[in-house]
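Chemist: This is the structure alone, sequence omitted:
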């Protein structure tokens, strides 16, 4: 079987996006990708854990978890890759552009989780960053 000939820039961008998606995955660790808002109770959530336990959270607890996971991701991946991730995330969502990722976590935590979950699944990003700005 003949392998597809992928342009070096395309392959690098794909690998870059894959690495950035790993950052998103760290931010929604602890089953945060399984969070839902309680019907009729804004700011109250529950997480259906993989072990079938259900955990209830209020908004401040969710924000605290997201911010803690962001700190872990910054440490794991380093500031250059974190800034690259943030550049792409700003292109994804206006709230992130104006307040950064932690600002988006504080103002719209459940929407941020949904966006991060989508990114983990698709491994695609809008915009460019200092790392990939010259790639096609």
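Modeler: Received the coordinates, thanks. On a predicted model such as this, the values are computed, not experimentally measured, just so you know.

Chemist: Can you show me the strands along the protein?
Modeler: 35-37, 44-48, 54-58 (DSSP state E).

Chemist: For residue 87, find the nearest of those.
Modeler: strand 35-37 (25.7 Å; C-beta to C-beta). Glycine gets a C-beta too; all of them are placed from N, C-alpha and C.

Chemist: Now do the buried residues in the closest one.
Modeler: Buried residues in strand 35-37, counting neighbours by 16 or more other C-beta atoms under 10 Å, are found at residue 35.

Chemist: What are the contacting residues of it?
Modeler: For strand 35-37, contacts defined as C-beta atoms under 8 Å, 6 or more residues apart in numbering pick out 43-48, 57, 62, 110, 113.

Chemist: Next: stretch 120-130.
Modeler: The contact list for stretch 120-130, computed with C-beta under 8 Å, 6+ apart, reads 14, 17-18, 20-21, 24-25, 28, 33, 83-85, 87-92, 119, 135.

Chemist: Take the strands of the chain and lay them out in JSON lines including mean pLDDT and distance to residue 68.
Modeler: Output for those, formatted as JSON lines (pLDDT from 0 to 100; distance: least, C-beta to C-beta, whole Å):
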{"stretch": "strand 35-37", "mean pLDDT": "91", "distance to residue 68": "15"}
{"stretch": "strand 44-48", "mean pLDDT": "91", "distance to residue 68": "15"}
{"stretch": "strand 54-58", "mean pLDDT": "93", "distance to residue 68": "13"}
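
Chemist: Now distance to residue 130 too, for those strands, in a markdown table please.
Modeler: Output for the strands of the chain, formatted as a markdown table (distance: least, C-beta to C-beta, whole Å):
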| stretch | distance to residue 130 |
| --- | --- |
| strand 35-37 | 32 |
| strand 44-48 | 35 |
| strand 54-58 | 35 |
